[in-house]
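1. Just the structure for this:
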Amino acid sequence: MNDLPFQPLVRQSSCNISQLTPATSTLLAYLSKRFNYLSSEEWREQLLAGNLLRNGHPAAADEILQPGDRLQFQPRSLPEPAVCWNIDILHEDQDSLVVVKPGNLPCHPAGRFFNHTLWAWLKQFLHLPEIHFCQRLDRETSGLVVIAKTAAAAAQISRALHSCDAVKEYLVIVHGTFPSEEYCRGWLYPDRNSAVRKKRLFSRQEPLAAPSPCESASTHFRCLGRGASSSLLLAGLETGRTHQVRATLHSLGYPVAGDKLYGLDEQFFLRQTQGRLTAADYARLRFPRQALHATRLAFTRPGREPEEYHSPLPADLQLF
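-> Below you'll find the predicted structure:
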């Protein structure tokens, strides 16, 4: 679904230059390496069009950057990838909102995505003056998202979601025949052997020389069903770490179906960023997107009745 269901926002972003390496000292080299959602040639076109300012002035590709420089990007037109706008509102009150996000929609603006985000939909379609995501899902992950309408409500809900009484459950389809039950308590840390900076590894033992940050993570997995070469799991999170479910299952040897980064081969992710995924790639992945769905949330805010929200496995992940 491609049509924008609201008046688009004018895109603009900025950043301050803190550190540089010799390989990224020119403006074009820095942009191509740091913001690689555009190719070098696309960044050159943006510079020639005057869409990028350095310290308030139009900049040229071969300018030498200095620490302390401020860059402002204001593209007049930048096509965004297609997304799905099938967003369901499960609950709304004066200070919060619970929605079911589809599986191909980012929460926040990033890279090429700006208007094609849940944030823009909340701002322009629902006209929310303030938007605070109390937990966020990856672009390809579907399911329950809690949004607070004020900073005070966000702090309250976030504390409730991090309470030991909170329930956070996901449905996930993995490659392989998973055991009936598995409790995974261990550590998540950066995968320094990966070509992708954000990729993480899981280990049951705390690594002696793990690169920072190294975070504890606990997940309980229960198998709900098995197919010929895949399994449907219910994952209960005791902690809420970035990529917790995906990284843990990858390290266990049961990668999430459809996952380009933590799936069968991270080359899928690299080819996706270059727009080079083939029909054969998608056949191996099993699903066009990662088969992960936030299915249940339960928490209690101070002075309020307990809240519980459910979302069943969506149609695009129906395999069992």
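2. Can you report how many residues neighbour residue 213?
-> Each residue near residue 213 was counted by other CB atoms under 10 Å, and the total is 11. Using the backbone N, CA and C atoms, a C-beta is placed for each residue, glycine as well.
3. which non-adjacent residue is nearest the spatially most central residue of the chain?
-> Nearest to the mean C-alpha position of the chain, counting by CA atoms, centre = their mean, stands residue 138 at 2.4 Å. Excluding its sequence neighbours, the residue lying closest to residue 138 (CB to CB, 6 or more residues apart in numbering) is residue 290, at 7.3 Å.
4. returning to what we had before: for the residue nearest to the centre of the chain, give its distance to residue 70.
-> 30 Å (CB to CB, to the nearest Å).
5. Domain ranges for the chain, per the record?
-> Residue ranges for the domains of the chain, per automatic domain parsing: 13-73, 81-162, 170-294.
6. for those, which one sits closest to residue 310?
-> Among those, the nearest to residue 310 by CB to CB is domain 81-162 (8.1 Å).
7. end to end, how far does that closest one reach?
-> End-to-end distance for domain 81-162: 33 Å, by CA to CA, to the nearest Å.
8. do stretch 166-183 as well
-> So stretch 166-183: terminal residues 18 Å apart, CA to CA.
9. now that stretch: mean pLDDT?
-> Stretch 166-183 comes out with an average pLDDT of 97.
10. Which parts of it count as buried, going by neighbours?
-> 166, 168-175, 178, 182 (16 or more other CB atoms under 10 Å).
11. Restricted to helices, list these.
-> With helices defined by DSSP state H, no entry of the buried residues of stretch 166-183 lies inside them.
12. Now for those: which two are most distant?
-> Maximum distance among those (CB to CB): 29.4 Å, for 166 and 175.
13. And for residue 196, the neighbour number?
-> 14.
14. let me redo that: residue 88
-> With other CB under 10 Å as criterion, residue 88 counts 11.
15. Look up phi and psi at residue 158.
-> phi -60, psi -40 (degrees, to the nearest 10).
16. who's in contact with it?
-> By CB atoms under 8 Å, 6 or more residues apart in numbering, residue 158 lies in contact with 134-135.
17. what does residue 117 give?
-> Contacts were defined as CB under 8 Å, 6+ apart; by that measure residue 117 touches 83, 105-109.
18. Quick one, which of those residues are buried?
-> For the contacts of residue 117, a burial check counting by 16+ other CB under 10 Å picks out 83, 105-107, 109.
19. Among those residues, which lie within helices?
-> Among the buried ones among the contacts of residue 117, no residue falls in helices (DSSP H).
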